[in-house]
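# sharing a model prediction with you, sequence too.
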Amino acid sequence: MGKKLFIILLLNIILSLVQVSFVPILFSHKLYINLVLALSFGFLAVNKTKDAYISALISGLIMDILGITTIGISAFIFCTGLYIAYFIHDKFLKKYSLFLFIIPVDIFYQLLVLRQIEAGNIFLTFISFGLFYFMLKKLSKREDLYKL
């Protein structure tokens with residue numbers, strides 16, 4: 001458990017730093033790819049719900065500490081969005097609800113935290129979710145994610 005938590009923590013620190021520091025400078029100040037939300041939904045899509053919630057909580061707190069907003073707001077939005085998406089996926093829509101539910105969570109996050117909605121941000125977050133999903137799906141088949 002300790003090694004698994006350490007890897008998730010390290011991955012979230014790196015993605016939070018990339019998201020907050022490098023992405024706006026490399027592309028433009030209007031571009032905001034939500035990498036940590038995409039990673040959390042990627043964990044949820046490969047049936048690693050505990051890892052998804054840990055990732056959302058840790059990355060939300062790290063992003064808030066780095067100065068995005070008041071401490072706890074991002075973590076609350078990420079964890080609540082994951083819980084609602086998992087509930088809808090589990091009770092109502094079985095197949096593609098996780099793939100579609102990242103969009104309203106990202107819109108809500110942009111509206112509440114960034115106070116603007118950009119279609120490009122939503123599209124790039126969805127694309128990064130797809131990349132994380134396929135990468136985690138390959139790794140979870142072999143369980144190499146935690147055997148570094």
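Looks like it arrived, so ask away. Numbering: from 1, shown residues only.
# all contacts plus neighbour counts: C-alpha atoms, from now on.
Noted.
# and the longest helix seen in the chain, which residues are buried?
Counting by DSSP state H, the longest helix found in the chain is helix 119-142. By neighbour count on 16 or more other CA atoms under 10 Å, the buried set for helix 119-142 is 121-122, 124-126, 128-130, 132-133, 136-137, 140.
# turn these into CSV, columns for pLDDT and distance to Phe78.
Shown next, in CSV, are the buried residues of helix 119-142 (pLDDT from 0 to 100; distance: CA to CA, whole Å):
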residue, pLDDT, distance to Phe78
Asn121, 85, 16
Ile122, 88, 15
Leu124, 87, 17
Thr125, 89, 14
Phe126, 91, 15
Ser128, 91, 16
Phe129, 92, 14
Gly130, 91, 17
Phe132, 91, 16
Tyr133, 90, 17
Leu136, 87, 19
Lys137, 86, 21
Ser140, 75, 22
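# which residues does Val122 contact?
Heads up, residue 122 is Ile, not Val. Ile33, Ile103, Asp106, Ile107 (CA atoms under 8 Å, 6 or more residues apart in numbering).
# mind checking the SS state of the closest residue to the last one other than its chain neighbours?
If the residues on either side of it in the chain are set aside, Ile107 comes closest to Ile117, at 6.5 Å by CA to CA, 6 or more residues apart in numbering. Three states are possible here, and by DSSP: H, G, I helix; E, B strand; the rest coil the one that applies to Ile117 is coil.
# quick check: the gap between Ile117 and Ser55.
24 Å (CA to CA, to the nearest Å).
# can you get me the start-to-end distance on stretch 23-42?
Start-to-end, stretch 23-42 (CA to CA) is 20 Å.
# that older thread, how far off centre is the longest helix of the chain?
10 Å (CA atoms, centre = their mean, to the nearest Å).
# likewise for stretch 123-143?
With CA atoms, centre = their mean, you get 11 Å for stretch 123-143.
# what of stretch 41-57?
8 Å.
# give me the distance between the two termini of it.
The straight-line separation of the ends of stretch 41-57 (CA to CA) is 12 Å.
# perfect, that will be all.
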